[in-house]
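Engineer: All I have is the shape, not the residue letters:
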């Protein structure tokens, strides 16, 4: 039964990883930018939600509702003002720009909030769980996170396949110049893609901050997990990202059953194995 | 009425002037063909008009308005649509989605998805299929449809025949009059000179980025076009002809059989720079030495005459 529990927890954890990863996947898919500050923006969102909750007395969920659109706006501006310029210079410039952002965010957070670990207090929900049997119980928070992740991914999928802008984002990802020839304003489109990515990473950051403590330095670890989920699932496929997140989560919790020390290692090993034997990812098809 | 007016246009690939001091006007309702060898600057010209390539100097006026510095997407909204060289469909989108994307900045007008599917009836059954799985000719039809759906006033067609079987090329050119009947003005670039002369009411011949000849197809002698096409120097190198003509001809069926149509070894090259590639002078020799070239009829220079033969014979 402990194993069943590990599997269930792993899948639920995968939802959170997928939430972290989908923004990374979109930004890479549309603009070929690897956003090295992705994890740090999640942490930034967590701290902002913390401050909003602290200042207004709102619950963390409502604080999240406020922070998500703020990050989306930040994403749009950041793309138009900074990333668009670096795109013109070349792929290395975008890497450097996002790496610089990562350093800046970490240090500003450190300066503002100190290095103390914090947590978003969600009261009884933090420990409440759905008891299925003696050894198997599902935390409500993990379940909510997973459901949110699925809703976000399905929503994104529908957005990309059904709407005019979504179609143009996919077209632009295929061939940016041909997209301009049919009327794509690439700057605006890239701004939209980045703001979607930032909204999802803000949600991921807030959900993460509800389940465990955070401090200004944890961004890069989040980035690595997100990156691994994207690669395991297959670039450019949102379903792949969900599957990638779940595989990563499963690997961690199942390995943790053997020995808690193996938790992180197992995830990295799975990632390397996929990279070595199936570099296109588990669901490579451009089904978006 | 003058729809497009280009004056003293320069465009550069790095240091190389792909287009130099080019003047060109297109009247509303006209079909203008720009012909010239590889590297003459034809594609560069269309790309500069469409706005995906910057103009180095000079001006482009569309419907009286200066659009020289206008971004590409505003030009689409103004009524310029380019069918790019090599089709450039979006492979991860379905046939229908490719057409829908073409309507992103749709102007009011007769063209929509249903109308395009009437023009090419096979599309209706295959609307959900990925555009990547189509044959070269089918992709070309979708690419034309995608451009039409924006309801352009000026349709730019870049090497429609490139890498396609002659039969397919003929079929595509058969629908062209039907497209233009709606009042669309067309500026087409074509290596297949015979084909270009058949559909166009004005011809403009480029050599190394400069205009060397212009006029109505009926008023131009074949000799004149040949000379303009290859430059006068071409006459001086008959020695290269036999080998050269063999390889140039061989590339034709190869391109025709290629289902993706993406790689025509002779023609798929970019129009980058004013360096005349080998393909330029070689067909010149072949055109002069081949018996077909001396036959009367539409000016069949090099590969053009060859394609024509295959269709009729």
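Structural biologist: Sure, I can see it. Since the model is a prediction, treat every value here as computed from it, not as a measurement.
Engineer: List the contacts of residue A:200.
Structural biologist: Counting by C-beta atoms under 8 Å, 6 or more residues apart in numbering or on different chains, residue A:200 makes contact with A:19, A:22, A:23, A:26, A:152, A:156. Glycine gets a C-beta too; all of them are placed from N, C-alpha and C.
Engineer: Nearest to chain B: which residue in chain A?
Structural biologist: Here chain A gets closest to chain B at one residue, residue A:183, 3.5 Å apart by C-beta to the nearest C-beta.
Engineer: How about the secondary structure of that residue?
Structural biologist: coil (DSSP: H, G, I helix; E, B strand; the rest coil).
Engineer: State the pair within the contacts of residue A:200 that is farthest apart.
Structural biologist: For the contacts of residue A:200, the farthest-apart pair by C-beta to C-beta is A:19 and A:26; their separation is 12.3 Å.
Engineer: Does the longest helix along chain A pack against any helices or strands, and if so which?
Structural biologist: As assigned by DSSP state H, the longest helix anywhere in chain A is helix A:2-31. Secondary-structure packing of helix A:2-31 (3 or more C-beta pairs under 8 Å, 6 or more residues apart in numbering or on different chains; DSSP states H and E): helix A:38-56, strand A:137-139, helix A:140-162, helix A:164-174, helix A:186-211, helix A:219-233, helix A:238-258.
Engineer: Lowest mean pLDDT across the ones you listed, which one is that?
Structural biologist: Here the helices and strands packed on helix A:2-31 differ in mean pLDDT, and the lowest is strand A:137-139 at a mean of 90.
Engineer: Which elements pack onto that strand?
Structural biologist: If contacts are counted by 3+ C-beta pairs under 8 Å, 6+ apart, strand A:137-139 sits against helix A:2-31, strand A:129-131.
Engineer: Give me the distance between it and the centre of its chain.
Structural biologist: Here strand A:137-139 is found 23 Å from its chain centre; the criterion is C-alpha atoms, centre = their mean, to the nearest Å.
Engineer: Stretch A:106-117 now?
Structural biologist: Remark: stretch A:106-117 is offset 21 Å from the chain centroid, using C-alpha atoms, centre = their mean.
Engineer: And stretch A:163-170, by the same measure?
Structural biologist: 21 Å.
Engineer: Tell me the residues of chain B that contact chain A?
Structural biologist: Residues of chain B lying close to chain A by C-beta under 8 Å from any C-beta of the partner chain are B:50-52, B:71-73, B:76-77, B:81-82, B:84, B:88-93, B:97-98, B:100-102, B:104-105, B:146-147, B:150.
Engineer: Out of those residues, name the ones that lie in strands.
Structural biologist: Secondary structure assignment by DSSP state E places B:81, B:82 of the residues of chain B next to chain A in strands.
Engineer: If any of the residues of chain B next to chain A are buried, give me the ChimeraX selection for them.
Structural biologist: Typed into ChimeraX, the next command selects the buried ones out of the residues of chain B next to chain A (criterion: 16 or more other C-beta atoms under 10 Å in any protein chain shown):
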select /B:50,51,52,72,73,76,77,81,82,84,88,89,90,91,92,93,97,98,100,101,102,104,105,146,147,150
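Engineer: before we move on, the earlier item: with distance to residue A:84 as extra columns, can I get the helices and strands packed on helix A:2-31 in JSON lines?
Structural biologist: Below are the helices and strands packed on helix A:2-31 laid out as JSON lines (distance: least, C-beta to C-beta, whole Å):
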{"stretch": "helix A:38-56", "distance to residue A:84": "17"}
{"stretch": "strand A:137-139", "distance to residue A:84": "41"}
{"stretch": "helix A:140-162", "distance to residue A:84": "21"}
{"stretch": "helix A:164-174", "distance to residue A:84": "13"}
{"stretch": "helix A:186-211", "distance to residue A:84": "6"}
{"stretch": "helix A:219-233", "distance to residue A:84": "22"}
{"stretch": "helix A:238-258", "distance to residue A:84": "24"}
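Engineer: and the residue of chain A most remote from its centre, what does it touch?
Structural biologist: What lies farthest from the middle of chain A is residue A:134; by C-alpha atoms, centre = their mean that is 32.8 Å. In this structure, residue A:134 makes contact with residue A:1, judged by C-beta under 8 Å, 6+ apart.
Engineer: Could you say which helix or strand holds it?
Structural biologist: In the assignment (DSSP states H and E), residue A:134 maps to no helix and no strand.
Engineer: pLDDT score assigned to it?
Structural biologist: Here the pLDDT value assigned to residue A:134 is 78.
Engineer: what does residue B:235 give?
Structural biologist: 47.
Engineer: Need the contacts of residue A:200 in a markdown table (columns: neighbour count).
Structural biologist: Shown next, in a markdown table, are the contacts of residue A:200 (neighbours: other C-beta atoms under 10 Å in any protein chain shown):
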| residue | neighbour count |
| --- | --- |
| A:19 | 30 |
| A:22 | 30 |
| A:23 | 32 |
| A:26 | 28 |
| A:152 | 22 |
| A:156 | 21 |
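Engineer: Just name the closest of those to residue A:91, please.
Structural biologist: residue A:26 (17.1 Å).
Engineer: isn't the closest one right next to residue A:197, touching?
Structural biologist: Yes: with contact defined as C-beta atoms under 8 Å, residue A:26 and residue A:197 form a contacting pair (4.8 Å).
Engineer: and chain A, which of its residues are near chain B?
Structural biologist: So chain A meets chain B at A:164, A:167-168, A:170-171, A:173-175, A:177-185, A:286, A:288 (C-beta under 8 Å from any C-beta).
Engineer: Select only the buried ones of these in PyMOL?
Structural biologist: To isolate the buried ones among the residues of chain A next to chain B in PyMOL, judged by 16+ other C-beta under 10 Å, type:
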select buried, chain A and resi 167+168+170+171+173+174+175+177+178+179+180+181+182+183+184+185+286+288
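Engineer: which regions of the stretch 101-250 of chain B sit below the pLDDT cut-off?
Structural biologist: In the predicted model, the stretch 101-250 of chain B carries pLDDT under 70 at residues B:232-250.
Engineer: mind running it again at 80?
Structural biologist: Within the stretch 101-250 of chain B, the segments meeting pLDDT under 80 span B:230-250.
Engineer: Now do the same contact list for the residue of it at minimum distance from chain A.
Structural biologist: Residue nearest to chain A within the stretch 101-250 of chain B: residue B:105 (3.5 Å; C-beta to the nearest C-beta). Residue B:105 makes contact with A:182, A:183, B:73, B:76, B:77, B:150, according to C-beta under 8 Å, 6+ apart.
Engineer: now residue B:159
Structural biologist: With C-beta under 8 Å, 6+ apart, residue B:159 has these contacts: B:42, B:43, B:85, B:86, B:189, B:190, B:191, B:267.
Engineer: quick one: it and residue B:177, what's the gap?
Structural biologist: Distance of residue B:159 to residue B:177, given as C-beta to C-beta, to the nearest Å: 19 Å.
Engineer: cool, and residue A:13?
Structural biologist: Note on residue A:13: its distance to residue B:177, by C-beta to C-beta, is 63 Å.
Engineer: neighbour-wise, which of these two wins?
Structural biologist: residue A:13 (22 against 10; other C-beta atoms under 10 Å in any protein chain shown).
Engineer: Contacts only, for that one.
Structural biologist: Neighbours of residue A:13 in contact, by C-beta under 8 Å, 6+ apart: A:142, A:249, A:252, A:253.
Engineer: wouldn't residue B:60 be in contact with residue B:48 here?
Structural biologist: Yes: Residue B:60 sits in contact with residue B:48 when judged by C-beta under 8 Å, with a separation of 7.2 Å.
Engineer: Name the residues contacting each of those two.
Structural biologist: Each of residue B:9 lies in contact with both residue B:60 and residue B:48 under the rule C-beta under 8 Å, 6+ apart.
Engineer: Select from the contacts of residue B:159 every entry located in strands.
Structural biologist: Filtering the contacts of residue B:159 for strands - DSSP E - leaves B:189, B:190.
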